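> here is my input; please provide its structure:
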Amino acid sequence: MILYADTSSIVKLYVEEEGFQSTRALTARAEEITTSIIAYVEMRTALARKLRRNEIARPDYNLALEDFKRDWSSYTIIPVSQELASSAASLAERHALRTLDAIHLASAKILAENIGDPLVFVSADNELLQAATQEGLAISP
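Purely as a prediction, here's the structure:
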């Protein structure tokens, strides 16, 4: 199984929060983990925000950031192209998605169209999961 992970699910690989065990179990079964290039910035932002809000301690932040940076090269990264941006814009309009969520959904859709293996879209965002389902993607919360 190829797994497309948005940033809300990637966070759960590095921070113990609700859903982290199921996300880690799902990723352990995946043959490949894919995501958009935007997840790098989003992930660094999410970790920094958790540190500022005292949701994680400095040592946990440092470890999560170090682990994420180490693992980043093992993910298959989907670049943002003009085709993807156009698709994301249409998806944002159709499903009332935020910009980065639309980019994640467009990335997963384009990937799913170009591979022969099953693709599972994973996210902690229920609105994004609903849009993914409406677009014909298999999902996992």
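> now do the buried residues in stretch 69-77.
Applying a neighbour-count criterion of 16 or more other Cβ atoms under 10 Å, one finds residue 75 buried in stretch 69-77. Yep, even glycine has a C-beta here, placed from its N, CA and C like the rest.
> please, where are all the strands along the protein?
2-5, 32-36, 76-78, 119-122, 138-140 (DSSP state E).
> outside of the longest one, which residues touch it?
Spelled out, it's strand 32-36. Strand 32-36 is contacted by residues 2-7, 10, 27, 74-78, 80, 103-104, 107-108, 111 when judged by Cβ atoms under 8 Å, 6 or more residues apart in numbering.
> just the buried residues of these.
2-7, 10, 27, 75, 78, 103-104, 107-108, 111.
> in the chain, where is pLDDT below threshold?
141 (pLDDT under 70).
> OK, contacts around residue 72?
Contacts for residue 72 were tallied using Cβ under 8 Å, 6+ apart; they are residue 40.
> kindly apply the preceding question to residue 29 instead.
Neighbour list for residue 29: residue 1 [criterion: Cβ under 8 Å, 6+ apart].
> would you list the strands of the chain in CSV and tack on distance to residue 52?
What follows is these, written out as CSV (distance: least, Cβ to Cβ, whole Å):
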stretch, distance to residue 52
strand 2-5, 24
strand 32-36, 24
strand 76-78, 27
strand 119-122, 26
strand 138-140, 30
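> of those, which is nearest residue 88?
Closest of the strands of the chain to residue 88 is strand 32-36, at 9.5 Å (criterion: Cβ to Cβ).
> quickly run through the sheet partners of the closest one, with directions.
According to DSSP bridges, strand 32-36 forms sheet pairs with strand 2-5 (parallel), strand 76-78 (parallel).
> can you list contacts of the longest one?
To tie it back to what came earlier, the one meant is strand 2-5. With contacts defined as Cβ under 8 Å, 6+ apart, strand 2-5 is touched by 26-27, 30-35, 39, 75, 104, 107-108, 111-112, 115, 117-123, 137.
> what do you get for the shortest one?
Residues lying outside strand 76-78 but in contact with it, judged by Cβ under 8 Å, 6+ apart, are 32, 33, 34, 35, 36, 37, 84, 107, 110, 111.
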